[in-house]
Each structure stands twice: as C-alpha cells, then as structure tokens.
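Enquirer: Structure here, sequence nowhere to be found:
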C-alpha cells in the first residue's frame, strides 16, 4: 500500500504542477529534492511571483524511522517505528479575487519492534480560503467535494465537511480560516471500508482537486482590483499565518520533528499585514466575508 | 505591592509613549481602554504609520479572577485565584536600520480559596531585534541592561542575559530572535531578595528602557536604505511573527485565556514577507546578521 500510494502522490504532484504552470503561463515550479537524516525525504516544488500565483508549493514526502516522542504522545502509541507519505499543497494567488487553496493527502503506517505493521490509516482533505466571497465559488468547490465523496459513502461529505469546519477554526479570532471543504483523518480499515477502499476514496478526492479549484481561478483571475482589495487580502493572509503557526498540527509536527523547515513553511503567505484592530466598513464585501467565516454555513 | 506596581507601570506607560511620540514627531498613540469579562482590563496604546515607527504598542493590563486551567498546568498549581499586571511593548520602526524592540514587566499574585495570598513574583525583561547589525548598538543595549542590574546583584546581568538568549531561541530556525538583552521570571522573595527588593530591581530595569533604546533610534533613523533592505526587514519580521505565534508564552496564554486579542497581537509586525528558501549573499550584511543570530554572543 505504501508504495502504491507514494506512486499515486508522485503522479498527482506532476499533474497538479503541470496544470498550475499552464494556468500561470509565466512562472515555473522550481524543484528541491531533500533527504531526511533519520530516513526518507521529499520533493518540494514551489512557484513564486507568477502572473497568477504569487506563491505556491506542491510538495510530496516519504519519511520513516523511529516515531519522535512528541508524535508518540499525539498518536497515543509507545516507542514504535513509522512510515508516512503525503502530498501537501498551498496556493496563494496574486489577485485578492482568487481564493487561496490548501490540500493534503497522507498515509501512515506504524510498526512494532519486530517490524510488523500494527496500524495503518489515511488522512487528508482540501479547503478554500477566499478574501472576497463569491458564493458560487464556494458552492462549486463543495459540489466537487461532495461528488468525490458520494460514490464511496453517502454520509462522507456531511461528516468530512463538518470535520473541516471544526479543524480549520481559528479559535482566538472566533472565525473559520475559510469556507471549508473536506477534512478526514485516521481512516482505518473497518467493517465497511477496507484499507483499499480508503485508498480508492482518498485518491478519488485527490483526483478531484483540479476540478474543484481551476474553474474558480479561471473565473476570477481577470477581475480588476484596487490597492485596498490587496491590503485586505494581506490582512486576511495574516489570519492564515496565525492559523498555520498556532493550530495546524501538520506544521507543528514538522517544526518539532526535524522536518525540512522550508518545505513545511512554504505554506506561509508571501506578503502579509497585521493592522491593529482592523474593522471593515459596515455592509462592505469585507464584512460580508467575516460574517460567513464567523458562522460556517451549508453551501449545498 | 500590586497597587504600587500597577501605579508604576501606568507612569512608565506614560513616560515611554510620551517620549516615543516626541521621537516620531508625526504620529500619536491611540488609546483603547478595555475590560475583561472575568475581571480587570487594560489600557492599550498603539502607534501606526509614523515617521519613525511603522507600528508599535505600549500596553498595560491588570487582570484577576479564577486561574484558567491551561495556566494552572503551566504554573503547577490547582484551582486558585490570581492577580496579574504588567506592561508589554513591541516597537517596529519603519527603517530596516532601526531595530525592533520588546520589553515586558509583570507581577503575579496567587490566592487560595480563602483569599489568602500564597505566592507572588515578578518577571520581565527586554530584548533587541536588529535587521542590520551595528555591533555598537548591541553593545550599547547590553551596557544599559548591565547597568540596571549591577547595583542589585553582580550576577544578575550574566544570568538574565543567558536566560534571554535561551528564551528567545527560535528552535525550528536554529537562530535567536535578535541580539538578546535580559529575561527573568519567577522572581520570588528569597534569602537575598525580598519582594520589595525585586520591585526595586524590576522598576530599575523599566526605568532604563528608554536609555537602552532611544540613542539607537537617534543614531540610525536618518540612514538611507534600499528596497532590498526593506525586503530583508520584512523577511526577518516573518521570523519575529513565527517566534511570537509558535513559542512566546505570553502570546499563547493570552490567546488561550480570553485576553483581548488585538492587544496581544499588536506585537505582530505591520508588513511581513515569507520568501521560499531565502538565502542572503555570501559575506553580505544580511549573512553577517544570521551568523550572529546562530551563535548568541557576549556583547560586553
């Protein structure tokens, strides 16, 4: 399974970066291949200062070894060996009218001291973070999320949509990071789903990423915007940085378990502002966004 | 003691904001008075878009009530009441040639269920974060720090300088936040120092803040700089934001114990950049800074 899934995320990285370069039409991804001292490594692809994408990363990694103490506590296991691989992407477009997007697809294995596999699971999801809210974009994104879920289990979309709203909650700001999407974790073999079924589900979600996002870029990338729109985008990106640095478990684990810092923190936005006590004008587009973020809604 | 110290930090807030306004010559601090639902409140003063200061806050607060669960674990106490007051300041100058500075002076009391005071201590310190390193500025800052310490105890400067280097260590970047200063905590009455002696020490450090920082501003504020210098400043501010959001205990407690978010996060820099895998040129001023931050040095 681990080889099969790693092969999948390699191909997914290729198809996503190929398509994003085509859309950008100007900048190309640069690739950095890195090794992890304790075992494994990754392939980081970053695009910067493009016509459409100001900064984005589409990274894969495959790491293994002794599970770090901090991760032992987190996974509620003892002194074990692990294998983990995954694809992580975050795209920060230049235009404030084009939303930021994040997706992650990951697979874990845990082994006992004799090398026997004692646990395995999938996790992942995708979520959209607009700076200006076009309801139809959120509806499109969620429609594609639901389509990817429905052929596997009719309850998945609702469940994983709710988990997404819960996970990407910036609690000190009392607001969601964005308009959500899907979030699932610890997807283990059970009575209904074998691990192969989970593979089929996770890869189906992965296969739908471009369909969830590209039409939104195409629709919004030519909209004009003002300096004030751009300032608002940078302020909202500050919230994105706050979420990733304070709450995001993937980021914190990476930082605390000797991951490659530049690959982990490629998720941080290129240009960010923190303005003291910024409040949008009443009945503005900016206020409209905040009201939706304060009360995650059902888009479908 | 709590009234005496709160009176002190009120006066210190006045004298510091008065002097900084004079130096800026253009912008004024705005004041926001806030109440905390669970008890107490504060006075936040923020300056933005000045001639010298791009963003800065000099805040005081005085809060009390039931100690939040997360703080109970941290202080290793049970279900108790507390009182805390303090002054916190962070100043982000506009010019990359003028360093960022932070200072904090705080006092805690803990009470048992019958309202008896069972513990009290002071904490605080100050530290300097240059974007371009002028050795003589770091030496000046540390000289004033040492002067404030020496009349109280000849070991304080070395001890609190070392604690500062340790506390402001950005471990995922393997670098110090800046060139350090002083950091002290849990300063309780003991054989050598009564709580009044600690009050005298902490207020003496507070009284030296302006002397530690103002001459550096005066010396550097008229230096010319390029767009590239400014970009470097914004990249370094990214590290400042990383430290405050990932490691700073004051920030995290504030966020997790229902503090006033805008007062806590006034510490975050106004304009920030995250550039993928940025490396300064060899033998540049930027590289020189990084080499010092990787190995905190003895400035005196």
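Expert: Cool, got the structure. Source: prediction; values computed, not measured. Residues are numbered from 1 along each chain as shown, chains lettered A, B, ... in the order given.

Enquirer: Can you name the residues of the stretch 51-200 of chain A sitting close to chain B?
Expert: Contact residues, the stretch 51-200 of chain A versus chain B (CB under 8 Å from any CB of the partner chain): A:55, A:57, A:172-173. All C-beta spots, glycine's among them, are computed from the backbone N, C-alpha and C.

Enquirer: now do 6 Å
Expert: Neighbours of chain B within the stretch 51-200 of chain A, by CB under 6 Å from any CB of the partner chain: residue A:172.

Enquirer: residue in the stretch 51-200 of chain A nearest to chain B?
Expert: Residue of the stretch 51-200 of chain A nearest chain B, by CB to the nearest CB: residue A:172 (4.1 Å).

Enquirer: Can you classify that residue as helix, strand or coil?
Expert: coil (DSSP: H, G, I helix; E, B strand; the rest coil).

Enquirer: need the contact list for it.
Expert: For residue A:172, the residues meeting the contact criterion (CB atoms under 6 Å, 6 or more residues apart in numbering or on different chains) are B:255, B:261.

Enquirer: go on, residue A:156?
Expert: Residue A:156 touches residue A:149, counting by CB under 6 Å, 6+ apart.

Enquirer: And it, how close does it get to residue A:249?
Expert: 21 Å (CB to CB, to the nearest Å).

Enquirer: just residue A:11 next, same as before
Expert: The gap separating residue A:11 from residue A:249 is 26 Å, by CB to CB.

Enquirer: Between those two, which has more neighbouring residues?
Expert: residue A:11 (13 against 10; other CB atoms under 10 Å in any protein chain shown).

Enquirer: Quick one: list the elements packing against whichever helix or strand the more buried one is part of.
Expert: Residue A:11 is part of helix A:2-24, with elements assigned from DSSP states H and E. Packing partners of helix A:2-24 (3 or more CB pairs under 6 Å, 6 or more residues apart in numbering or on different chains; DSSP states H and E): strand A:53-66, strand A:81-93.

Enquirer: Recalculate using a threshold of 8 Å.
Expert: strand A:40-48, strand A:53-66, strand A:81-93, strand A:100-111, helix A:195-207, helix A:209-220 (3 or more CB pairs under 8 Å, 6 or more residues apart in numbering or on different chains; DSSP states H and E).

Enquirer: So what angle separates the directions of the second one and strand A:81-93?
Expert: Going back to what we said before, that points to strand A:53-66. On the basis of axes from the mean of the first three to the mean of the last three CA atoms, to 10 degrees, strand A:53-66 is oriented at 180 degrees to strand A:81-93.

Enquirer: relative orientation of strand A:53-66 and strand A:40-48 in degrees?
Expert: Going by the same axes, to 10 degrees, strand A:53-66 makes 170 degrees with strand A:40-48.

Enquirer: ok, and for the following helix or strand past strand A:53-66, which residues are buried?
Expert: Toward the C-terminus, strand A:53-66 is succeeded by helix A:69-75 as the next helix or strand (DSSP H and E). Neighbour-count burial for helix A:69-75 flags A:71, A:75 (criterion: 16 or more other CB atoms under 10 Å in any protein chain shown).

Enquirer: picking up where we left off before, which secondary structure elements does the following helix or strand past the helix holding residue A:11 contact?
Expert: Next along the chain after helix A:2-24, taking DSSP H and E as the criterion, comes strand A:30-35. If contacts are counted by 3+ CB pairs under 8 Å, 6+ apart, strand A:30-35 sits against strand A:40-48, helix A:261-264.

Enquirer: how does it look with 6 Å?
Expert: Packed next to strand A:30-35, using 3+ CB pairs under 6 Å, 6+ apart, are strand A:40-48.

Enquirer: Any residue of the strand it packs on touching chain B?
Expert: Yes: shown here: strand A:40-48 in contact with chain B (CB under 6 Å from any CB) through residue A:46.

Enquirer: what are the pairing partners of that strand, and which direction each?
Expert: strand A:30-35 (antiparallel), strand A:53-66 (antiparallel) (DSSP bridges).

Enquirer: Those: which one's closest to residue B:74?
Expert: Residue B:74 lies closest to strand A:53-66 among the strands paired with strand A:40-48, at 29.1 Å (CB to CB).

Enquirer: The strands paired with strand A:40-48 into a markdown table, with extra columns for mean neighbour count?
Expert: As requested, those are arranged in a markdown table below (neighbours: other CB atoms under 10 Å in any protein chain shown):
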| stretch | mean neighbour count |
| --- | --- |
| strand A:30-35 | 12 |
| strand A:53-66 | 22 |
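
Enquirer: May I see these arranged in CSV, with mean pLDDT as well?
Expert: Below are the strands paired with strand A:40-48 laid out as CSV (pLDDT from 0 to 100):
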stretch, mean pLDDT
strand A:30-35, 96
strand A:53-66, 95
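
Enquirer: how about those strands, which one is nearest residue B:103?
Expert: strand A:53-66 (33.7 Å).

Enquirer: Compute the inter-axis angle for the closest one and helix A:209-220.
Expert: 160 degrees.

Enquirer: Figure out how far strand A:53-66 is from the centre of its chain.
Expert: 11 Å (CA atoms, centre = their mean, to the nearest Å).

Enquirer: what secondary structure does the residue of chain A positioned farthest from its centre sit in?
Expert: Taking CA atoms, centre = their mean, the residue of chain A most remote from its mean C-alpha position is residue A:114, at 34.3 Å. Residue A:114 falls in the coil class when you classify it by three-state DSSP.

Enquirer: Quick one: find the helix or strand in chain A with the lowest mean pLDDT.
Expert: Between all helices and strands in chain A, the lowest mean by mean pLDDT, DSSP states H and E belongs to helix A:249-256, at a mean of 78.

Enquirer: Which strands and helices lie in contact with it?
Expert: By 3+ CB pairs under 6 Å, 6+ apart, helix A:249-256 packs against no helix or strand.

Enquirer: go again using 8 Å as the cut-off
Expert: Going by 3+ CB pairs under 8 Å, 6+ apart, helix A:249-256 lies up against helix A:69-75, helix A:261-264.
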